[in-house]
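S.K.: Got a sequence here, can you build the structure:
(chains A and B)
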Protein chains: 2
Amino acid sequence: MSVSAIDIIRCKRDGGILSESQIRTFIEAAAHSHWPDYQLAALLMAIWLKGMTREEASLLTSAMTQSGRRYRWDTIAGPKVDKHSTGGVGDKTSLVLGPLAAACGVVVPMMSGRGLGHTGGTLDKLESIPGFRVGLSEQELDAALRQVGIGMIGQSADVAPADRKLYALRDVTATVECIPLITASILSKKLAEGIDALVMDVKFGHGAFMKRVEDARQLAEWIVSVGNANGVRTQALLTDMNAPLGRAIGNALEVKECIDVLQGRGDARLTDLCLQLTARMIMLAGLEPDETAARARADDALRSGAGLERFARMCEQQGGDPNIVEEPARLPQAPFVQAMMPAPQSGFITEMQAEWIGRACMKLGSGRNRAEDPVDHAVGFVLLKQRGESIERGEPWLEVHSRQPGLPPDVEALLKSAIQIEDQPPEMLPLVHEVIS
Amino acid sequence: MSVSAIDIIRCKRDGGILSESQIRTFIEAAAHSHWPDYQLAALLMAIWLKGMTREEASLLTSAMTQSGRRYRWDTIAGPKVDKHSTGGVGDKTSLVLGPLAAACGVVVPMMSGRGLGHTGGTLDKLESIPGFRVGLSEQELDAALRQVGIGMIGQSADVAPADRKLYALRDVTATVECIPLITASILSKKLAEGIDALVMDVKFGHGAFMKRVEDARQLAEWIVSVGNANGVRTQALLTDMNAPLGRAIGNALEVKECIDVLQGRGDARLTDLCLQLTARMIMLAGLEPDETAARARADDALRSGAGLERFARMCEQQGGDPNIVEEPARLPQAPFVQAMMPAPQSGFITEMQAEWIGRACMKLGSGRNRAEDPVDHAVGFVLLKQRGESIERGEPWLEVHSRQPGLPPDVEALLKSAIQIEDQPPEMLPLVHEVIS
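M.R.: Numbers count the residues shown, from 1 in each chain, chains lettered A, B, ... in the order given. Predicted coordinates for the structure are as follows:
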């Protein structure tokens, strides 16, 4: 029982600003179980209710990063840049922009998580590629970065252990939705990657963690400010997650869609977002002086096939089958592929609500409710129609890839509630709502 | 892991009012370890910061009372009334007013605690009486109430177990000072005594838990309102705890002072407070219609020796030596009794700060820092001079009863800092500052 624990809790409870040494004591206590969980929980609730300054969040982030393993790539030439998304439905941009950025000269040591709930995870998508290993050792990741310029792996358990501990507690004490804590949680793991710069894709809307654009903007501003304060050049894009991103939802189906994008025949809005994020990485890497030049370089890498080639090399480097690029049928295939969900009326699709589509896909087996659940890589959806497109009454809007024919009633109900058809087309806003730099 | 735990925490976190069923779930979880401690701690912090309505505190009190053993005295004739104090230095009123009230026809099932820190405890005082047993069984207490009209015992561990659990957590999570939680903690244990009415002695000032009279008043108002809402007629006195109460501090010395008071030759201010509290108990018991009549009845019981006689019978009933009344030297005696602490100047004592005197006495061995520490019943202080009295330079103001000659330097320093002497006498305010009914 630490006396200083009570003093630190009392300070925050009374609306005080925690000192650097108080924050370090707190985070070391979280990482090494120096305090009982009830003291951590009381302090988390006090932080939730009394907030933190950006300076406190910055110190918190730094302490959390230092609580565990930190990678260093000093002997590898070139700027190290990563992209991180707050999570969405059909968000497969990492698999496109990682290889594209690497093809443009950026070194990309990308560490990702698994999907949870209605949002997918990069690791699950990668693991749908036959043979692909996300569990590279530090030596293997080093080799991948030197030889291919990119390595995509899972966060090792020894990165930011304080965050692991605190996140688990926040999840069961109603202290998740707290900008300073979210900022520190995201950035502590990214700073541990040993990167020079970070592009954040902060999602807002129906399928995002932040439903309102104002909340997403606030989080983006905190992340940008705290990232920069910790010596990592950081910028953020606020992007629309009301409708699923692209056409495919489900692990192997999304890998297939990424190959389409890298082949230059992907969904236009998804392709544009991938290119904008890649361009931002190139700019932050210092490889081009402005957005126009950076975008041109990203476009070139796509058009020339350099991005696709880099994707195949990455697969091969990490034990995956590079031939999926030529033969996507090598990816896991679901036994049943059916066009379903006939439109109840003719008109324009004005809503395609991402969270319901994501939940339906999870229920089909492509996602998980609890971290320990397995996922089915083959199943998922392909949207035959996206938001903004016209549809005829009776025309199916969804291609279902599943283990069983038909759809379970709860999945069908979710899907029905996700779509809205009206006489007039909806206003189509750009995916990128704002850049925070 | 209970889902409803998170919902309940979130409700209070967001400033909501907890429903009766949410409060019952919380308190049952605390009593039966249904929730992990970190969820209880998060909720306690949310309550500390967001508060509770009196209605919530009333439901909380009721649920806490019902979490454990409840006594019932329906077959014993007469009104059952208790008095409870928030704790002070030299506060020995229970040992006087209990027998006095019993002598007046009130049935007094009094359950008390032990001393902690600078405040003394009724149980420790009682246990300084040779042979006195505070651990009566329910049957023994029943017999004591029938035969003597009073029983003074320790709280059994199965009374309000939810309070025991929550108090221990509050102590280590900086969530102690919270009016609704304090109210529920005090009253849940009192309601379990099966009483019809309760007189609260809420202390304020240097030696009290509440330093400011406004805070004490607020607590008193909550206790009165929540007690009455739970069917127990409750009134409160706000009393001054800036200076020690009476002349003696230390367990056996305080018992001796109580005998003096019951013999009609005690400290005037202490005696008056005991009589006021007794009168309030008589009024709330419904035995007299107004304060004047109730006070007259209490005065009579003192003057006639009925209170003293009841005190001796109580001692005998609980296994204690009733002859201490005639021969107080049968109480534990310290080997060294010395007049010490010469006044640094002549004048009037304008400050006699209770907390420092109480801490000095604790350091001498009469109190405890941790609940499991033993206490020395014989040691303590007798104030040769009290606040408001005149003193000559060099005249000692303290009689020290101790195991060793002299005083340890830290004790002496505490005592020196407790007293202030000035040329003019201080304003002497009445001990009872206010009655909340």
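
S.K.: Output the set of residues of chain A in proximity to chain B.
M.R.: Within chain A, the positions near chain B by CB under 8 Å from any CB of the partner chain are A:1, A:5-6, A:9-10, A:13, A:36-42, A:44-46, A:48-50, A:169, A:172-175. C-beta here means a position set from N, CA and C on the backbone, and glycine is covered the same way.

S.K.: Out of the residues you listed, which sit inside helices?
M.R.: Of the residues of chain A next to chain B, the ones assigned to helices by DSSP state H are A:5-6, A:9-10, A:13, A:37-42, A:44-46, A:48-50, A:169, A:172.

S.K.: Weed out the non-buried ones from the residues you listed.
M.R.: A:5-6, A:9-10, A:13, A:37-42, A:44-46, A:48-50, A:169, A:172 (16 or more other CB atoms under 10 Å in any protein chain shown).

S.K.: Tally up the residues packed near A:His433, please.
M.R.: Using other CB atoms under 10 Å in any protein chain shown, A:His433 has 16 neighbouring residues.

S.K.: pLDDT at it, what is it?
M.R.: Looking at A:His433, its pLDDT reads 97.

S.K.: Just confirm it is within a strand.
M.R.: Yes: counting by DSSP: H, G, I helix; E, B strand; the rest coil, A:His433 is part of a strand.

S.K.: and it, what does it touch?
M.R.: For A:His433, the contact set (CB atoms under 8 Å, 6 or more residues apart in numbering or on different chains) comprises A:204, A:213, A:238-240.

S.K.: Mind putting these into JSON lines with neighbour count and pLDDT?
M.R.: Listed next are those as JSON lines, based on neighbours: other CB atoms under 10 Å in any protein chain shown; pLDDT from 0 to 100:
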{"residue": "A:Phe204", "neighbour count": "26", "pLDDT": "97"}
{"residue": "A:Val213", "neighbour count": "17", "pLDDT": "96"}
{"residue": "A:Leu238", "neighbour count": "24", "pLDDT": "98"}
{"residue": "A:Thr239", "neighbour count": "26", "pLDDT": "98"}
{"residue": "A:Asp240", "neighbour count": "25", "pLDDT": "97"}
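
S.K.: A:Glu326: which of those is nearest?
M.R.: A:Thr239 (30.9 Å; CB to CB).

S.K.: So which elements touch the one helix or strand that closest one maps to?
M.R.: Assigned by DSSP states H and E, A:Thr239 belongs to strand A:233-240. Judged by 3 or more CB pairs under 8 Å, 6 or more residues apart in numbering or on different chains; DSSP states H and E, strand A:233-240 is in contact with strand A:197-204, helix A:213-229, helix A:268-284, strand A:432-436.

S.K.: Show me which pair in the contacts of A:His433 is furthest apart.
M.R.: Spanning the widest gap among the contacts of A:His433 are A:Val213 and A:Thr239, at 10.2 Å by CB to CB.

S.K.: Tell me which helix or strand comes right after the helix or strand where A:Glu316 lies.
M.R.: In the assignment (DSSP H and E), A:Glu316 maps to helix A:306-317. Sequence-wise, the next helix or strand downstream of helix A:306-317 (DSSP H and E) is strand A:336-342.

S.K.: Surely A:Ala236 is in contact with A:Val435?
M.R.: Yes: A:Ala236 is within contact range of A:Val435, at 7.3 Å (criterion: CB atoms under 8 Å).

S.K.: So for those two, which residue has more residues nearby?
M.R.: Using other CB under 10 Å as the criterion, A:Ala236 and A:Val435 rank with A:Ala236 on top: 26 against 15.

S.K.: what residues are up against A:Leu59?
M.R.: Here A:Leu59 is in contact with A:18, A:20, A:23-24 (CB under 8 Å, 6+ apart).

S.K.: Is there a quick PyMOL command that grabs whichever of the residues you listed are buried?
M.R.: Applying 16+ other CB under 10 Å to the contacts of A:Leu59 leaves a buried subset, and the PyMOL line that selects it is:
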select buried, chain A and resi 18+23+24
